[in-house]
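>>> From the sequence below, what's the structure:
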Amino acid sequence: MLAFVRRNQILLTSFLCVLFSLYILSAAARGHLRGDPVGPLLLTLMRPLQIGTQLTMAKLKELQQGYLNLMRIASENERLKGRITELEAEKNRLLEVEATNRRFQELLDFRSQLPSGSVTAAVIGNSASTWFRTFVLDKGGADGVRRGMAVVSPAGVVGQVVAVTSRSSKILLIADPNSGVDVVDQRSRARGIVSGSLDSGPIMKYAKRSEEIQEGDRLITSGLDGIFPKGLLVGTVAKVRKKTFGLFQYVEVALAVDPYRLEEVLVVSAEAAPGAR
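Residues are numbered from 1 along each chain as shown. Okay, the predicted model is just below:
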């Protein structure tokens, strides 16, 4: 018992003081302390304890209110974070829609310059092979795509349709060594064939040594191969080297189109020409 009292003496003392204070206040209210000199003294002594108790209760109430406010703020922060995430996702979606609309508008504007019957198609796959550079479109024979048609974009020539199913088609890119596009130098009118190569980048084959070809010259389709409409940009001359022997000069080409960045293209026949670009 004594050990319990020693351990809780502060709590017990406070409890007795509060109890005694309540007794004094009750007795004073009933008039039992009139003329008693001890009552006022006890009231004076108990006043600091009463004030301390009131301050403690007020502080506890303030802490409780602060905790509730923090909980509300934390909940609001979580809600706002979720909303920000939703808005970011919506922003990204709208940006993607805007970019897609811009690309389609460019295709539509470019399509007006091409022969009628061109087909808009989306790229749905590409070849992982290092020997063949191809990709697959989501349009095929049922959509009017035929083997041998040209594939182009507003930036320039992309490739040629080499295989067709009812709902898809396979495209051989002009960077492939098996490809070939009859071109003309837009400045000097020198002719050649742009094709991919196994040991380097695209080159312009069969350009005669006597022809004047300079770095930076634009190479456009001649329309003489019966595949690509005349006047479409193929690329620019990146490097020219004339050997001391042979009939032709060596011409490296920087293609106008990076096919692996394409998402939509136009499939078109060479039945008519769009005019020089």
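
>>> From now on I want contacts and neighbour counts done on CA atoms only, so please keep to that.
Will do.

>>> Kindly check the end-to-end length of stretch 165-173 for me.
18 Å (Cα to Cα, to the nearest Å).

>>> helix/strand/coil for the spatially most central residue of the chain?
Closest residue to the average C-alpha location of the chain: residue 92 at 6.4 Å, with Cα atoms, centre = their mean. Three-state assignment for residue 92 (DSSP: H, G, I helix; E, B strand; the rest coil): helix.

>>> What pLDDT is listed against it?
On pLDDT, residue 92 comes in at 82.

>>> who touches it in this structure?
Contacts for residue 92 (Cα atoms under 8 Å, 6 or more residues apart in numbering) come out as none.

>>> now residue 147, what's its secondary structure?
Residue 147 - assigned by three-state DSSP - is coil.

>>> Now it: phi and psi?
Main-chain dihedrals, residue 147, degrees, to the nearest 10: phi -60, psi 140.

>>> Over to the one 5 residues further on?
Note on residue 152: backbone dihedrals following degrees, to the nearest 10 are phi -140, psi 170.

>>> OK, contacts around it?
158-159, 265-268.

>>> Identify the residue nearest it in space, chain neighbours excluded?
Nearest residue to residue 152, sequence neighbours excluded (Cα to Cα, 6 or more residues apart in numbering): residue 158, at 4.9 Å.

>>> Equivalent analysis for residue 218, please.
Distance criterion Cα to Cα, 6+ apart; nearest residue to residue 218, sequence neighbours excluded, is residue 236 at 4.5 Å.

>>> Residue 180 too?
Going by Cα to Cα, 6+ apart, residue 180 has residue 195 as its nearest residue, at 4.7 Å.

>>> What's opposite that neighbour in the beta bridge?
residue 203 (DSSP bridges).

>>> who's in contact with it?
174-181, 202-205.

>>> ok, and for stretch 255-273, which residues are buried?
Using 16 or more other Cα atoms under 10 Å as the test for burial, stretch 255-273 gives 255-257, 259, 264-270, 273.

>>> what's the offset of the helix or strand hosting residue 55 from the middle of its chain?
Per DSSP states H and E, residue 55 falls inside helix 38-111. Remark: helix 38-111 is offset 30 Å from the chain centroid, using Cα atoms, centre = their mean, to the nearest Å.

>>> Need the residues that contact the helix or strand that it is followed by.
Next along the chain after helix 38-111, taking DSSP H and E as the criterion, comes strand 119-126. Here strand 119-126 makes contact (Cα under 8 Å, 6+ apart) with 107, 133-139, 143-145, 262-268.

>>> redo that, cut-off 7 Å
134-139, 263-268 (Cα atoms under 7 Å, 6 or more residues apart in numbering).

>>> Of the residues you listed, which belong to strands?
134-137, 264-268 (DSSP state E).

>>> Out of the residues you listed, the closest to residue 71 would be?
Comparing the ones in strands among the contacts of strand 119-126 against residue 71 with Cα to Cα places residue 264 closest, at 50.9 Å.

>>> Could you tell me how far the closest one is located from residue 105?
For residue 264 relative to residue 105 (Cα to Cα), the value is 11 Å.

>>> Could you give the bridge partners of the residue nearest to residue 218?
Here residue 236 shows beta-bridge partners residue 218, residue 254, assigned using DSSP bridges.

>>> Which one of the contacts of residue 152 is nearest to residue 80?
Proximity of the contacts of residue 152 to residue 80 (Cα to Cα) peaks at residue 265, which lies at 41.4 Å.

>>> Break the protein into its domains for me.
The chain breaks down by automatic domain parsing into domains covering 1-112, 119-268.

>>> low-confidence ranges in the stretch 1-150 of the chain?
Applying pLDDT under 70 to the stretch 1-150 of the chain picks out residues 1-47, 49-50, 112-113, 115, 128-132.

>>> re earlier: would you turn the buried residues of stretch 255-273 into JSON lines with pLDDT and distance to residue 83?
Below are the buried residues of stretch 255-273 laid out as JSON lines (pLDDT from 0 to 100; distance: Cα to Cα, whole Å):
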{"residue": "255", "pLDDT": "94", "distance to residue 83": "45"}
{"residue": "256", "pLDDT": "93", "distance to residue 83": "43"}
{"residue": "257", "pLDDT": "91", "distance to residue 83": "40"}
{"residue": "259", "pLDDT": "82", "distance to residue 83": "38"}
{"residue": "264", "pLDDT": "88", "distance to residue 83": "33"}
{"residue": "265", "pLDDT": "91", "distance to residue 83": "37"}
{"residue": "266", "pLDDT": "90", "distance to residue 83": "40"}
{"residue": "267", "pLDDT": "92", "distance to residue 83": "43"}
{"residue": "268", "pLDDT": "90", "distance to residue 83": "46"}
{"residue": "269", "pLDDT": "79", "distance to residue 83": "50"}
{"residue": "270", "pLDDT": "62", "distance to residue 83": "52"}
{"residue": "273", "pLDDT": "42", "distance to residue 83": "53"}
